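Participant: Let's see this in three dimensions:
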Amino acid sequence: MHKGGNVVRTSVGLSLALASVLVLGCSKQGKGSEAGDQRAAAKTPEEIEALFAREKDVPEARAAAAPDGSWSAEFPSSSEVKLTPGKGHVLAEFSLGTESTTRCVFYEDVIDAGQTIDIILEGIRKNATIDSVAPYRVIAAQGNPVVFLEARYLADTEGGKSVGGIKLAVSPRLTTPVFCSLDEPGYEETFVTAVTSVLNTLRVKEPGAEPTYAEISGSTLDGTPFGFEWLQLIDEGKGKYTTVSLSATFLPTGPGELSTNDDVEVCKNDAAGIVEGTYYEAEGREIAHDLTLTRSGKTKYAVSGKVQGKDFKSEFTAAKLPDDVATYRLLRQSHKKTTTIKSTEFSPTLDPSKPTEVSYAIDGKAHTVTIVVGQMSLLSTLTEEGLLSQVSAKMGEHEMKQEIIHRSGKF
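Facilitator: Next up, the predicted model:
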């Protein structure tokens, strides 16, 4: 764990502890309930698909608050909300009127979205065989990203193999992040409505600093959502500011398999560019890099930390090293022109030893920017104010897109 700005990632141990709370076992067939009878009766492929197509209206909301008063929220529930405090978290259980209860965990510390999902899936695999798992929705709630996923599984029961489906949602908020689940076939949209309602009513006693500017983009591959990018700017006055950039991806790689990635960058800046930056990337639960970038004078930079688990050090010079916001400002200033801007940017995913050359070809009339990094080319569309609205890239027969789903403040 390390700190960068106000961001501190939670320990993997906490997530593992929550895995045991959330996924002790897969839902058992209920007896005497309509939902339980529906699942027990489903035998044919058509009947099973009908289970996964179920939806319902959510109940009226009930207010509940953390035992220590650190947060409160409204839960759509047909019964009283049950709160269970744990080490570093509070578990809230509430009923949507389905066979299984919906569970939300409210963390005290910041979490990595991809790692959290990866750990939860590992917990499910201890009790069942996952047939398929994929994200199906990315939204913003109170200016925070939320990713929804569904995993379909087969579990052993007294009556033989039983089909199941668990919905997962994670919102890596910087203050009181939340993870939710509903272990029952169907109700995908019901789950989205319920979780979104909880998150939109969530109030924390000690909220973090409000960003001067923030934007969230949802990522899709051939129209299917697979992740998000979240950029925040905190203005500290006198030309100094901090940017916090978080992204997470969830890509199906085979039957029942999901590849997750978390990327966190925190950069402190002044008029001459980045003063200090921390860069962290995890592929699943393996750390790809964990680096610190520091500037001495105005042009000398040193990189230190670990890459693929090995100690790493490098030094380079750069006349000016911009962060995401500095580059964004440059594009906005030139968005009405037809020109090409060259930039030198530090991206340890591409090269941890030195900056990477990036080209921005602006077409002021078409409101587009073609971004070229090495052999990769991205086409971006701009708003009338010169802000990015969509980025797309062709990858063989596939197309990746990132589209802004939330924007607030100014920079």
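Participant: ok now do Pro348, which residues does it touch?
Facilitator: 279, 281, 289, 291, 303, 307 (CB atoms under 8 Å, 6 or more residues apart in numbering). C-beta here means a position set from N, CA and C on the backbone, and glycine is covered the same way.
Participant: got a markdown table for the residues you listed, with secondary structure too?
Facilitator: Below are the contacts of Pro348 laid out as a markdown table (DSSP: H, G, I helix; E, B strand; the rest coil):
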| residue | secondary structure |
| --- | --- |
| Tyr279 | strand |
| Glu281 | strand |
| His289 | strand |
| Leu291 | strand |
| Val303 | strand |
| Val307 | strand |
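Participant: Show me which of those residues is closest to Ile119.
Facilitator: Glu281 (17.3 Å; CB to CB).
Participant: And the pLDDT for the nearest residue to the closest one once chain neighbours are set aside?
Facilitator: Of all residues not flanking Glu281 in the chain, Ala288 sits nearest, at 4.2 Å (CB to CB, 6 or more residues apart in numbering). For Ala288, the pLDDT comes out at 96.
Participant: How about residues contacting the strand or helix carrying Ala288?
Facilitator: For Ala288, the host element (DSSP states H and E) is strand 286-296. Strand 286-296 is contacted from outside by 2, 272-282, 301-309, 312, 321, 346, 348-349, 352, using CB under 8 Å, 6+ apart.
Participant: Please apply the same query to stretch 386-404.
Facilitator: Counting by CB under 8 Å, 6+ apart, 215-222, 229, 328, 331-336, 369, 371, 376-383, 407 sit against stretch 386-404.
Participant: Any buried residues in that stretch, and which?
Facilitator: 386-389, 391, 401-402, 404 (16 or more other CB atoms under 10 Å).
Participant: farthest-separated two in these?
Facilitator: Top of the distance list for the buried residues of stretch 386-404 (CB to CB): Gly386 and Lys401, 19.8 Å.
Participant: Now the strand or helix carrying Leu199: average pLDDT?
Facilitator: Leu199 is part of helix 188-201 when elements are defined by DSSP H and E. Helix 188-201 comes out with an average pLDDT of 98.
Participant: Flag every buried residue along that helix.
Facilitator: 188, 190-199, 201.
Participant: what sits up against it?
Facilitator: Residues from elsewhere that reach helix 188-201 (CB under 8 Å, 6+ apart): 52, 55-58, 61, 73-76, 96, 98, 102, 104, 136-137, 139, 141-142, 144, 146, 148, 150, 167, 169, 171, 178, 180, 182.
Participant: Got a quick ChimeraX command for the buried subset of those residues?
Facilitator: To isolate the buried ones among the contacts of helix 188-201 in ChimeraX, judged by 16+ other CB under 10 Å, type:
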select :52,58,61,73,74,75,76,96,98,102,104,137,139,141,144,146,148,150,167,169,171,178,180,182
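Participant: Just the contacts of helix 188-201: which are in strands?
Facilitator: 61, 73-76, 102, 104, 136-137, 139, 141, 144, 146, 148, 150, 167, 169, 171, 178, 180, 182 (DSSP state E).
Participant: Can you check the distance spanned by stretch 102-120, start to finish?
Facilitator: End-to-end distance for stretch 102-120, by CA to CA, to the nearest Å: 15 Å.
Participant: Same question for it: list its buried residues.
Facilitator: 102-108, 110-120.
Participant: now stretch 296-306
Facilitator: Those buried within stretch 296-306 under the rule 16+ other CB under 10 Å are 301, 303, 305.
Participant: Dump the residues you listed into TSV; add pLDDT and distance to Ser259 as well.
Facilitator: Converted to TSV, the buried residues of stretch 296-306 look like this (pLDDT from 0 to 100; distance: CB to CB, whole Å):
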residue	pLDDT	distance to Ser259
Tyr301	97	31
Val303	98	26
Gly305	98	23
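Participant: Looking at these, which is nearest Thr84?
Facilitator: Gly305 (37.9 Å).
Participant: Please tell me how far that closest one sits from Glu276.
Facilitator: Distance, Gly305 to Glu276, using CB to CB, to the nearest Å: 13 Å.
Participant: can you pull the contacts of the residue nearest to Thr356 when sequence neighbours are not counted?
Facilitator: Closest residue to Thr356 apart from its sequence neighbours, by CB to CB, 6+ apart: Leu350 at 4.9 Å. Residues in contact with Leu350 (CB under 8 Å, 6+ apart) are 356, 373-374.
Participant: My guess is Ser259 contacts Gly227. True?
Facilitator: No: Ser259 is beyond contact range of Gly227, at 10.7 Å (criterion: CB atoms under 8 Å).
Participant: Comparing the two, which residue is more hemmed in?
Facilitator: For Ser259 versus Gly227, the count of surrounding residues by other CB atoms under 10 Å is larger for Gly227: 25 against 15.
Participant: Secondary structure element for the more buried one, which one?
Facilitator: Since the elements are taken from DSSP H and E, Gly227 ends up inside strand 224-237.
Participant: name the helices or strands packed onto that strand?
Facilitator: strand 129-141, strand 144-157, strand 213-221, strand 240-254, helix 324-334 (3 or more CB pairs under 8 Å, 6 or more residues apart in numbering; DSSP states H and E).
Participant: out of these, nearest to Glu46?
Facilitator: The closest of the helices and strands packed on strand 224-237 to Glu46 is strand 144-157. By CB to CB, the value is 15.7 Å.
Participant: So, low pLDDT: which residues of this structure?
Facilitator: Where the chain drops to pLDDT under 70, the residues are 1-43, 158-160.
Participant: again, only using 50
Facilitator: Residue ranges of the chain with pLDDT under 50: 1-33.
Participant: domains of it?
Facilitator: Annotated domains of the chain cover 3-204, 213-409 [automatic domain parsing].
Participant: ranking those by burial, who's on top?
Facilitator: Burial of these is given as mean neighbour count (mean count of other CB atoms under 10 Å); domain 3-204 ranks first at a mean of 18.
Participant: Off-centre distance for it?
Facilitator: 15 Å (CA atoms, centre = their mean, to the nearest Å).
Participant: and the gap between the spatially closest residue to Ala141 that is not a sequence neighbour and Gly97?
Facilitator: Excluding its sequence neighbours, the residue lying closest to Ala141 (CB to CB, 6+ apart) is Leu199, at 3.9 Å. Separation of Leu199 from Gly97 (CB to CB): 20 Å.
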